[in-house]
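[1] Give me a 3D structure for the following:
(chains A and B)
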Amino acid sequence: MSYDSGFRPFDRREFVKRGMALLTIGSTPALLAACGGSSDSGSAAAPSSSAAAPKATGTIEYLSWEGYDIPDPMKAWKKANDVTVKPTYIGNHDDIQAKIKAGGGNYDLITYYQGYKPLYTELDILTKLDIEKIPNIAGLFPVFKEPDKRNLWIDEDGSWTGVPWTWGSIGITWDDAKLPGGVSSWDDLLDPKLKGKVGVINDPLGAFTLTCHILGKDPAALPKAEYSEIEDYLTKMVGQAKSVAPSFGDMTNQLVAGDIVACYQGWAYMNSLAAGAGNKTVKTLTPEQGAFSFCDLYAIPSTSDNVDTVHAWINEALEPVMNARVAEYLVAAVTVESSAAELNAATKALYPYDDLKLGDSTGARLAKLFERAPFYGMPPSASDEFITFSEMSENWEKIKQSA
Amino acid sequence: MTVVDNRSEPRLRRGGRFRIGPAALALPAALWMIVFFGAPLLLFLVYSFLTAQLYDVSGPLTVAAYRDAVTTDVNLTLAVNSLVVGVAVAVSTVAIGLPIAYWLRFAAGRFEAFVLFLITATFFASYLVRIYAWRSILGENGLLNSGLERLGILDQPLGFILYSRFAVTVALVHIFLPYVVLVLYAGFRPISPALVEAAQDLGANSLTRWRKVILPLVAAPAATSAVLVFVLSASDYVTPQFLGGTDGAMLGVRIQTALTGSGNWPLGAALSFLMLATFAACYALTLVLLRVLRLNRIRFAS
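    Now for the predicted structure:
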């Protein structure tokens, strides 16, 4: 999934950096091997209560969304430990693998959407975390720390390659002042009356995953013969749009400007962005038809040369109050159990935290949420039988032009 | 007008105890370009002939990426879009920039420095801010539609202006016009007003003065700035994303997607080199035209 942290949709510095990434992409992949050491000390057991985070010091080279480096809440910790975070912000999730595989830097800390786990494993981007050094993992809701096919960040051997720190669900986002009551299903967005008024984001994986869900397919194992159904639906949906927005922030701008009234693949965070721009009538709802959920994880890439400090940083980021403040800002959900009590009422009401405490998805509201909006994997990188990541991505370009 | 052959330009004179030759002066820049531009470009060229892996390349050498680049309908559509936008922006900026630069040189008088400052000041505004400014002008609830509605010219806003090839062209003309004006102003600068006055004294009307005197003198800088703007516009990948809509996408966006989203480095490299070859051909064609029209040798005596 691709989404914007939204502090700013894109800025000049970001474009310069992306331009540099294009230049440096010419570098040989062998450079990657020369980029520092990596932690390979996987741990199969949950951290003991007596475990402590390692001593932190030095610089953390961060590569992910602006805002996911939670600069303000972490300020005191960084000062106390004399740690400097050097951020590189992305405009699209794919920038992460593109920059790392191009050998563009010694990145220490990244985040990834859980669906990218198989791809990042194949690309050898992820390292196994030493969860003894992240004792706050013990505070996660049980549903996020138990081996489960949904929890792609926990490998079969019990080792972790990412720590969940926020999650949420995709929905229809609309401006209630322009479209009173919104729409009740994704299919309603195909109404000819909404021609040119629907927002679509340039996120091939998100669009593909959502459409697969709507049509009852598994995006991680979609037979090639069935892809035409996805393509047809997406072509119709893009045909309803005037443009394909480069980020969630930009799609929100279109909504606020009145150029569009509703969004395919919206996100509750857009409500917050729109409110910040003075429009308080933007709403988001996951329809009965469902959508997909995303879980974002902190991870240490193979390029890191300051592994202990990053473990300490992740541990600090899982402090309950910090986890709650970030969730409020992102209008997303917390992963730390005691953070739920720290949330304001509006953010707390978004997700069924009482069910999360059950330790599995047997709670009625949570089970219903995950049934309506599951965590999905992504298409395989190579397959003769199923649509691959590259095919999905390339076909998205075709869909955008043929709509 | 004094026409001077390029070949008659004076050579640098030798002299001084610590003389540094022209080659030595150019050496740092040359080294920089070789290391940070030439070498990566060469590597990128090799990538374009390798086999695509996901975010990686492998042997054997192949032209598959070039074949994909030129046989895929999407790429051809985007290439046409890029060429159309590039030509439209180049022609528009030169057409608008010529009279501005002429006025600055021959008619602005005491306002010349101030207007030049204003033109330069436009560079202070962020590229992205200017793109968003055009959104607020061309949008359905933007200044243009609102103004036309208030004047009673429109009953309902025109929804097709923004998110179109037209919007991309307008924004790029706005962004690149200052560059063109400055280049053309530099082209006009050596022209003595006496030349225009002489033509006038000899009976040439204003159209004839432009056609016979002014345009030949600024043909080279005009062509140079047109090529520069064409290259920058046709390869732009930011403006089309924000203003282009579904029918205004361009090849630059496709290259970006191939390199980052699809992880198909050979395809991204092949598209880049095809674009580079097109630009080089355009530049060569411009030089040939200037030479054929004998406009490439005109210089001015000081």
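
[2] Show me the shaky parts of the stretch 101-250 of chain B.
    Regions of the stretch 101-250 of chain B meeting the criterion pLDDT under 70 are absent.

[3] Near chain A, which residues of it are found?
    B:126-128, B:132, B:135-136, B:139-142, B:159, B:162-163, B:238, B:241-246, B:249 (CB under 8 Å from any CB of the partner chain). Where C-beta positions appear, they are placed from N, C-alpha and C, glycine not excepted.

[4] Taking these, please make a PyMOL selection of just the buried ones.
    Only the buried entries of these go into this PyMOL selection, using 16 or more other CB atoms under 10 Å in any protein chain shown:
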select buried, chain B and resi 128+132+135+139+140+142+159+162+163+238+241+242+243+244+245+246+249
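
[5] Out of the residues of the stretch 101-250 of chain B next to chain A, which sit inside helices?
    B:Tyr127, B:Leu128, B:Tyr132, B:Arg135, B:Ser136, B:Gln241, B:Phe242, B:Leu243 (DSSP state H).

[6] Please identify which pair of those lies farthest apart.
    Distance extremes for those: the farthest pair is B:Ser136 and B:Gln241 at 17.1 Å, using CB to CB.

[7] Any buried residues in the one helix or strand A:Tyr227 maps to, and which?
    Counting by DSSP states H and E, the element that carries A:Tyr227 is helix A:227-239. Of the residues in helix A:227-239, those buried by neighbour count under the rule 16+ other CB under 10 Å are A:Tyr227, A:Ile230, A:Glu231, A:Tyr233, A:Leu234, A:Met237, A:Val238, A:Gly239.

[8] just those residues now: which is nearest chain B?
    Closest approach to chain B among the buried residues of helix A:227-239 (CB to the nearest CB): A:Val238, at 6.3 Å.

[9] The closest one is in contact with A:Gln401, isn't it?
    No - judged on CB atoms under 8 Å, A:Val238 makes no contact with A:Gln401 at a distance of 9.2 Å.

[10] Enumerate every residue touching A:Asp296.
    A:Tyr68, A:Thr111, A:Tyr112, A:Tyr113, A:Gln114, A:Pro164, A:Trp165, A:Thr166, A:Trp167 (CB atoms under 8 Å, 6 or more residues apart in numbering or on different chains).

[11] quick one: which of the residues you listed is most hemmed in?
    A:Trp165 (27 neighbours; other CB atoms under 10 Å in any protein chain shown).

[12] and the one helix or strand that residue maps to, which strands flank it?
    A:Trp165 belongs to strand A:163-175 when elements are defined using DSSP H and E. Looking at strand A:163-175 with DSSP bridges, its partner strands are strand A:262-267 (antiparallel), strand A:282-285 (antiparallel), strand A:293-299 (antiparallel), strand A:333-334 (antiparallel).

[13] Mean confidence (pLDDT) on the first one, please.
    Computed over strand A:262-267, the mean pLDDT rounds to 94.

[14] Overlap of the contact sets of A:Val238 and A:Gln401?
    Listed contacts common to A:Val238 and A:Gln401 are B:Thr246; contacts here mean CB under 8 Å, 6+ apart.

[15] Beyond the strand holding A:Trp165, next helix or strand please.
    strand A:198-201.

[16] what about A:Thr111, which helix or strand?
    strand A:109-113.

[17] typo on my end, it should be B:Leu207
    Going by DSSP H and E, B:Leu207 is in helix B:206-208.

[18] for the helix or strand following that helix, packing partners?
    Once the chain leaves helix B:206-208, the next helix or strand it forms, by DSSP H and E, is helix B:215-234. Contacts defined by 3 or more CB pairs under 8 Å, 6 or more residues apart in numbering or on different chains; DSSP states H and E place helix B:215-234 against helix B:73-106, helix B:165-188, helix B:265-292.

[19] could I get helix B:215-234 in CSV with only the CA atoms?
    Extracted in CSV, the C-alpha atoms of helix B:215-234 (Å, rounded to 0.1, in the frame of the first residue of the first chain):
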residue,chain,number,x,y,z
LEU,B,215,15.2,37.6,-36.0
PRO,B,216,18.4,36.6,-37.8
LEU,B,217,20.4,38.1,-35.0
VAL,B,218,18.5,36.2,-32.2
ALA,B,219,17.9,33.0,-34.2
ALA,B,220,20.7,31.1,-32.5
PRO,B,221,19.8,32.0,-28.9
ALA,B,222,16.1,31.5,-29.7
ALA,B,223,16.8,28.1,-31.1
THR,B,224,19.1,27.2,-28.1
SER,B,225,16.5,28.2,-25.6
ALA,B,226,13.8,26.4,-27.5
VAL,B,227,15.8,23.2,-27.4
LEU,B,228,16.6,23.7,-23.7
VAL,B,229,12.9,24.2,-22.8
PHE,B,230,11.8,21.3,-25.1
VAL,B,231,14.2,18.9,-23.3
LEU,B,232,13.2,20.1,-19.8
SER,B,233,9.5,20.0,-20.6
ALA,B,234,9.3,16.7,-22.5
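
[20] Residues of the stretch 151-300 of chain A that sit close to chain B?
    A:196, A:202, A:204, A:238-239, A:241-244, A:246, A:250, A:253, A:257-259.

[21] For the closest residue to B:Thr62 other than its chain neighbours, which residues are in contact?
    Sequence neighbours aside, B:Thr51 is the residue nearest to B:Thr62 in space, at 5.6 Å (criterion: CB to CB, 6 or more residues apart in numbering or on different chains). With contacts defined as CB under 8 Å, 6+ apart, the neighbours of B:Thr51 are B:Val57, B:Ser58, B:Gly59, B:Pro60, B:Thr62, B:Ala64, B:Pro266.

[22] what do you get if the cut-off is 10 Å, keeping everything else the same?
    B:Val57, B:Ser58, B:Gly59, B:Pro60, B:Leu61, B:Thr62, B:Ala64, B:Ala65, B:Pro266 (CB atoms under 10 Å, 6 or more residues apart in numbering or on different chains).

[23] What distance do you get for the third one to B:Leu50?
    If I follow you right, that is B:Gly59. 7 Å (CB to CB, to the nearest Å).

[24] Comparing those two, which residue is more hemmed in?
    B:Leu50 (19 against 8).

[25] So what pairs up with the nearest residue to that one once chain neighbours are set aside in the strands?
    Nearest non-adjacent residue to B:Leu50, counting by CB to CB, 6+ apart: B:Val57, 4.0 Å away. Legend: beta-bridge partners of B:Val57 under DSSP bridges are B:Ala52.

[26] Tell me how far B:Leu83 lies from chain A.
    Going from B:Leu83 to chain A by CB to the nearest CB, to the nearest Å gives 16 Å.

[27] Could you count how many residues lie near that residue?
    Quick note: B:Leu83 (other CB under 10 Å) scores 17 neighbours.

[28] Setting aside sequence neighbours, what's the nearest residue to it?
    Using CB to CB, 6+ apart, the closest residue to B:Leu83 is B:Ala234 (6.3 Å).

[29] list the contacts for the one you found?
    B:79, B:81-87, B:89-90, B:172, B:250-252, B:275, B:278-279, B:282.

[30] Can you give me the separation between it and chain A?
    From B:Ala234 to chain A the distance is 16 Å (CB to the nearest CB).

[31] again with B:Phe44
    4 Å.

[32] pLDDT averaged over the helix or strand where that residue lies, what's the number?
    For B:Phe44, the element it lies in under DSSP H and E is helix B:39-48. Helix B:39-48 carries an average pLDDT of 95.

[33] before we move on, the earlier item: okay if I get the buried residues of helix A:227-239 as TSV plus pLDDT?
    Below are these laid out as TSV (pLDDT from 0 to 100):
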residue	pLDDT
A:Tyr227	97
A:Ile230	97
A:Glu231	97
A:Tyr233	97
A:Leu234	97
A:Met237	97
A:Val238	95
A:Gly239	94
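
[34] wait, A:Ala373 sits on A:Gly168?
    Yes - using CB atoms under 10 Å, A:Ala373 is in contact with A:Gly168, at 9.1 Å.

[35] Which of the two has more residues huddled nearby?
    Ranked by neighbour count (other CB under 10 Å), A:Ala373 and A:Gly168 place A:Gly168 first, with 24 against 21.
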